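J.: what's the 3D shape of this:
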Amino acid sequence: MKLIIFVSFIGLLGFTSTTPTNHRLQGVIDGLINKTINSLVAKLDDPITVDHIAADLPNNTDNISGTASISNFSLGGLKKLVATKIDVSLLGLSLNAEIAVPDIDLNTEYDADIELQKWFPLMWGRGVAIMKIGGIDVRVGGKVSMKGGLSISNTTVSFTIGSAWFRFTGLLYDDELSYTLSEILNTVVVSFVDDYQEWISSIISPIAGEIINALLHSASESEEFLQLADQLLEEEINMHYTV
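T.: This next block holds a predicted model:
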């Protein structure tokens, strides 16, 4: 209920306030999202570890399909995630955010049979995968909703990377080939991501949107989030009627 009142008040002031107040209101919503992100990051383990997980990718997609399992998975670096820009427009509550992750280290054992466009072996084999990605800049766009909890619709996610290093064993069940492919990836991945951002975004945005909303929904149902919304509402009321 507090959250509904908060959103209603923000909307009302957004249509009746002067420009300086609009900037304050925009800052309130930006701050609410930023604090929610910071709260989620603070709760992350570093590294994130998973003993074993298996997945069947849907065969009804034209992009990626197949099966995969990973064991002894370790992902480090997400704890250093920083939201460098969060900009929410009051008119329509459109979101533009930029998130920086300095470095990510991934280590895992894998067993995969994954195809791209139902014919190209994107990931096929059994072995070890090591990835070190640096200078990751992620851009997130969408429309913010705070009805029934914080969420983002029409989500678009794109990213660039500054550096990438890969080492695989067991790709196509051939270690010599794995080394060669690893070296090729080390050479081309950064430029590939730059050149095919729109295509990559079209694949990852729906999946990333579901993950983002699951995290935001969980966080926005917490007592901490409701207290923050209540606090920001009180501060804005005081500021609005004392200027």
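J.: what ranges does this protein have for its helices?
T.: Ranges of helices in the chain, per DSSP state H, are 2-16, 19-42, 175-195, 197-220, 223-240.
J.: wait, isn't residue 189 in contact with residue 164?
T.: Yes. Under the criterion of CB atoms under 8 Å, residue 189 is in contact with residue 164, at a separation of 4.4 Å. (Glycine included, C-beta is placed from N, CA and C.)
J.: which of those two has more residues huddled nearby?
T.: Neighbour comparison, residue 189 and residue 164: the larger count goes to residue 164, with 20 against 17 (by other CB atoms under 10 Å).
J.: by how many degrees do the longest strand belonging to the chain and helix 175-195 diverge?
T.: In the chain, ranked by residue count with DSSP state E as the criterion, the top strand is strand 120-145. Here strand 120-145 runs at an angle of 40 degrees relative to helix 175-195 (axes from the mean of the first three to the mean of the last three CA atoms, to 10 degrees).
J.: coming back round to it: of the helices of the chain, which shows the lowest average pLDDT?
T.: Mean pLDDT across the helices of the chain is lowest at helix 2-16; the value there is a mean of 42.
J.: quick revisit: intersection of neighbour lists for residue 189 and residue 164?
T.: Common neighbours of residue 189 and residue 164, counting by CB atoms under 8 Å, 6 or more residues apart in numbering, are absent.
J.: can you name every helix or strand that the longest strand of the chain contacts?
T.: In terms of contacts (3 or more CB pairs under 8 Å, 6 or more residues apart in numbering; DSSP states H and E), strand 120-145 is packed against strand 64-76, strand 94-116, strand 151-160, strand 163-168, helix 175-195, helix 197-220.
J.: distance of the spatially closest residue to residue 168 that is not a sequence neighbour relative to residue 124?
T.: Residue nearest to residue 168 in three dimensions, not counting chain neighbours: residue 178, with 4.6 Å by CB to CB, 6 or more residues apart in numbering. Counting by CB to CB, to the nearest Å, the gap from residue 178 to residue 124 is 11 Å.
J.: same check, this time on residue 139
T.: Distance of residue 139 to residue 124, computed by CB to CB: 31 Å.
J.: got the contact list for the residue nearest to residue 168?
T.: When the contact criterion is CB under 8 Å, 6+ apart, the partners of residue 178 are 125, 127, 168-172.
J.: follow-up on the earlier one: report the angle between the longest strand of the chain and strand 151-160.
T.: Here strand 120-145 points in a direction 130 degrees away from that of strand 151-160 (the same axes, to 10 degrees).
J.: let's have the helices and strands packed on strand 120-145 in JSON lines, adding distance to residue 57.
T.: Compiled in JSON lines, the helices and strands packed on strand 120-145 are given as follows (distance: least, CB to CB, whole Å):
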{"stretch": "strand 64-76", "distance to residue 57": "5"}
{"stretch": "strand 94-116", "distance to residue 57": "7"}
{"stretch": "strand 151-160", "distance to residue 57": "19"}
{"stretch": "strand 163-168", "distance to residue 57": "19"}
{"stretch": "helix 175-195", "distance to residue 57": "21"}
{"stretch": "helix 197-220", "distance to residue 57": "11"}
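J.: quick one: closest of these to residue 30.
T.: For the helices and strands packed on strand 120-145, the distance to residue 30 is smallest for strand 94-116, at 9.0 Å, taking CB to CB.
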